[in-house]
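A.B. asks: pasted the sequence and its predicted model underneath.
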Amino acid sequence: MRLRRDAAPAVRLPDFCDPREVTALVDGRPVEVLRREGGFLRLDRLARGQAVEVRYPLPESVEEVEIASPGFRRYRHRALWRGDTVLELRPAGEMPHSGYSEFDPRDVPVFYGEDGPGRLYRREHLRGQGGTPFPVPLQLDSSAIDFW
């Protein structure tokens, strides 16, 4: 990101991030991180126009999750995460091709996955990036709330 005015930037680090593996660059050169406060990385005061880049690895992990309607049908899944992005979600558990309910013994097919018309997530292109985030356009928050 390029600063629009003089500032001492604070960058929020994701929960999965190990602060010891974070590096910061200003105008392409590594800089010393001033301090870490809570989940934020704080840098020294920088001038307008300087470019700030923060790098950290995006670990891959697998988590068993359950999508459910309380008291009704439950669907068990295996989620593959890269950082805080789900790359893949596949049916799992004892009945990987249908939902499960203590109250309704009927099989209700899962309509996605290898046996369905398609997967819920198609993010294979995000794998194998070597743990380095790739640049995306910055979204500025105006802090305005518009309910309509």
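C.D. replies: Received the coordinates, thanks.
A.B. asks: how about the nearest residue to C17, chain neighbours excluded?
C.D. replies: Nearest-residue entry for C17: Y56, 4.9 Å, with adjacent residues in sequence omitted and distances by CB to CB, 6 or more residues apart in numbering. To be clear about C-beta, it is placed using only N, CA and C from the backbone, and glycine gets the same treatment.
A.B. asks: need the contact list for the one you found.
C.D. replies: L13, P14, C17, D18, E21, V22, T23, P133 (CB atoms under 8 Å, 6 or more residues apart in numbering).
A.B. asks: could you report the pLDDT at the closest residue to D84 other than its chain neighbours?
C.D. replies: Using CB to CB, 6+ apart and skipping residues adjacent in sequence, the residue nearest D84 is P14, 5.5 Å away. Here the pLDDT value assigned to P14 is 88.
A.B. asks: got phi/psi on P14?
C.D. replies: Backbone geometry at P14, expressed as degrees, to the nearest 10, gives phi -60, psi 160.
A.B. asks: count of neighbours near the nearest residue to A7 once chain neighbours are set aside?
C.D. replies: Of all residues not flanking A7 in the chain, L46 sits nearest, at 6.3 Å (CB to CB, 6+ apart). Using other CB atoms under 10 Å, L46 is surrounded by 18 other residues.
A.B. asks: so this structure: which segments form each domain?
C.D. replies: Domain assignment for the chain by automatic domain parsing gives 10-55, 60-126.
A.B. asks: by mean pLDDT, show me the worst of these.
C.D. replies: Between the domains of the chain, the lowest average pLDDT goes to domain 60-126, which shows a mean of 72.
A.B. asks: can you check the distance spanned by it, start to finish?
C.D. replies: 11 Å (CA to CA, to the nearest Å).
A.B. asks: ok but R90 is inside a strand, no?
C.D. replies: Yes - remark: R90 belongs to a strand, assigned using DSSP: H, G, I helix; E, B strand; the rest coil.
A.B. asks: can you give me the strands in the protein?
C.D. replies: According to DSSP state E, the chain carries its strands in the segments 10-12, 23-26, 29-31, 35-37, 40-42, 52-55, 60-68, 74-82, 85-91.
A.B. asks: quick one: list the elements packing against the second one.
C.D. replies: Pointing back at strand 23-26 there. Other elements packing on strand 23-26 under the criterion 3 or more CB pairs under 8 Å, 6 or more residues apart in numbering; DSSP states H and E are strand 29-31, strand 52-55.
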